[in-house]
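**Student:** Structure for the following, please:
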Amino acid sequence: MSEKKNNLLNSFINKSSEKTLFVYFYDKEATNGKSIVLVGELTYKTGKYIFKYTKGDRKIEGLEDHEATSLHSFFRARLPDKNRPNISEIYKSLPQQDFIEILNRLSEKSPLSSYIFSTDKEYEKKYNSKNSKN
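**Tutor:** Residues are numbered from 1 along each chain as shown. Okay, the predicted model is just below:
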């Protein structure tokens, strides 16, 4: 295979495997109609997880901008046990180790966390406009 074709193929593979998860904070005591606030973005790209804060002053304790081949403990702690009966089917339906999609599908099912994960960049706007007081 020519070098040009090989580079093109690698570019396609890398782009097709890139995923971004938007990290939102849910403030149940917010009175300004903005109970969901975007905090940061977790991207999986070419075998690495990259977390970067977005604008704003909300930070997650113990998590800085981060780049590594493994998922940071903040996110790993929010992955549900795959042996739970209601969760095991979801794990089976996903590609193995697709932590971005697992967090995306299951984050709102955790009543104990103030964080919501979504692959929808418009989640904050949609949620806040739907739930704002007129």
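
**Student:** Would you map the helices across the chain?
**Tutor:** Counting by DSSP state H, the segments of the chain that form helices are 3-16, 73-76, 85-92, 99-106, 123-131.

**Student:** so for stretch 112-124, what's the average pLDDT?
**Tutor:** Stretch 112-124 shows an average pLDDT of 85 in the prediction.

**Student:** buried sites along it?
**Tutor:** Buried residues in stretch 112-124, defined by neighbour count with 16 or more other CB atoms under 10 Å: 115, 116, 117, 118, 123, 124. Glycine gets a C-beta too; all of them are placed from N, C-alpha and C.

**Student:** Quick one: these as JSON lines, columns for distance to residue 29 too.
**Tutor:** Below are the buried residues of stretch 112-124 laid out as JSON lines (distance: CB to CB, whole Å):
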{"residue": "115", "distance to residue 29": "15"}
{"residue": "116", "distance to residue 29": "16"}
{"residue": "117", "distance to residue 29": "21"}
{"residue": "118", "distance to residue 29": "21"}
{"residue": "123", "distance to residue 29": "20"}
{"residue": "124", "distance to residue 29": "17"}
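
**Student:** Appreciated, that's everything.
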